[in-house]
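> Sequence plus predicted model, see below.
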Amino acid sequence: MGPAMATIERYAASTVSVLADRVRCVLGESGLMSLPTESFYGLAAAPSDERSLARLWQVKGRSEGKPILVLIGDRTQLGQFVRNIPRAANVLMNAFWPGPLTIVFPAAPGLSNAVTAGTGSVGIRLSAWQPLIDLLCRVGPVTGTSANREGMPPPRTAEEVQNNLGDVLDLIIDGGLTPGGQPSTVIDVQGPIRIIRDGSIGRDAIAAQLAAHGLHLEADCQ
């Protein structure tokens with residue numbers, strides 16, 4: 001017999017409470033799972049669980065120095081991860097959250113190096129995809145890196161996740177085909193405001209929102 005494969009649970013709005021209980025159980029036992037986002041399927045671990053974070057790094061083959069972003073279900077979940085909220089972050093959250101914008105904040109003291117990669121920073125996103133919000137409002141924040149090994153394309157279906165990572169995951173939430181397309185835009189607001197990954201939300205839209213509040217976006221993508 002081959003290795004045990006991950007259980008696949010179908011998302012349905014009518015049974016989200018039962019599904020949330022299942023997710024909470026998996027995460028509480030240092031489990032590693034995959035769930036759909038507004039672009040691709042992601043790898044979800046509890047951001048404070050060192051054992052499951054170590055599993056995530058091993059599965060991902062993550063390069064040293066690359067932090068793992070965190071997905072939240074609403075803005076009340078933000079405070080446990082950040083040291084402070086710069087003014088630019090408030091402007092961008094009000095304009096683009098929920099949505100495909102990952103904001104890099106100063107990390108809260110004690111946040112795991114497996115999340116920050118020792119950078120002292122943490123990327124946070126509040127997704128606009130309702131099934132994900134439904135789950136995270138019930139179970140709390142999870143990591144959100146794409147459910148693929150480093151260098152491989154990110155998956156858009158639960159079947160792709162099962163075929164590639166099913167033998168190393170505990171649970172896959174099947175939300176159907178995800179939209180794919182561009183990943184989230186990533187912006188660092190800790191010093192000079194700069195886009196560090198171009199994505200779904202364009203530079204001009206971000207620059208305009210910042211300018212309306214007297215703030216400046218650095219010209220070059222890093």
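Yep, it's here.

> residue contacts, the residue lying closest to residue 36 once chain neighbours are set aside?
The shortest distance from residue 36 to any non-neighbouring residue, by Cβ to Cβ, 6 or more residues apart in numbering, is to residue 175 (3.6 Å). From N, CA and C alone the C-beta is placed, and that goes for glycine too. Residues near residue 175 by Cβ atoms under 8 Å, 6 or more residues apart in numbering: 11, 35-36, 131, 158.

> Mind checking which of these are in strands?
Among the contacts of residue 175, the members found in strands (DSSP state E) are 35-36.

> Next one: residue 189 from residue 151, what distance?
29 Å (Cβ to Cβ, to the nearest Å).

> just residue 80 next, same as before
In this view, residue 80 and residue 151 are 32 Å apart by Cβ to Cβ.

> Between the two, which has more neighbouring residues?
Neighbours were counted for residue 80 and for residue 151 using other Cβ atoms under 10 Å; residue 80 has more, 15 against 7.

> My read is that the more buried one contacts residue 109, right?
No: in this structure, residue 80 is not within contact of residue 109 by Cβ atoms under 8 Å, at 11.2 Å.

> Let's see the pLDDT reported for the most centrally placed residue in the chain.
Centroid check for the chain by Cα atoms, centre = their mean gives residue 144 as the closest residue, at 2.5 Å. Looking at residue 144, its pLDDT is 93.

> Contacts only, for residue 218.
So residue 218 contacts 192-195 (Cβ under 8 Å, 6+ apart).

> For ChimeraX, what selects the buried ones among those residues?
To isolate the buried subset of these in ChimeraX, counting by 16 or more other Cβ atoms under 10 Å, use the following:
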select :193,194,195
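
> which one among the contacts of residue 218 gets closest to residue 75?
Nearest to residue 75, judged by Cβ to Cβ, of the contacts of residue 218 is residue 193 at 19.5 Å.

> If that closest one is in a bridge, with which residues?
Note on residue 193: beta-bridge partners by DSSP bridges are residue 217.

> List the contacts of it.
Taking Cβ under 8 Å, 6+ apart as the test, what residue 193 contacts is 88, 187, 210, 215-218.

> Read off the pLDDT value for residue 94.
Value for residue 94, per-residue pLDDT: 98.

> Tell me the gap between whichever strand or helix holds it and the middle of its chain.
For residue 94, the host element (DSSP states H and E) is helix 87-96. Between the centre of helix 87-96 and the centre of its chain there are 18 Å (Cα atoms, centre = their mean, to the nearest Å).

> Under a three-state scheme, what state does the spatially closest residue to residue 28 that is not a sequence neighbour occupy?
Of all residues not flanking residue 28 in the chain, residue 46 sits nearest, at 7.7 Å (Cβ to Cβ, 6+ apart). When classified by DSSP: H, G, I helix; E, B strand; the rest coil, residue 46 comes out as coil.

> List the residues that contact residue 46.
27-28, 30, 52-53, 140, 142.

> what about 7 Å?
Contacts for residue 46 (Cβ atoms under 7 Å, 6 or more residues apart in numbering) come out as 27, 52, 142.
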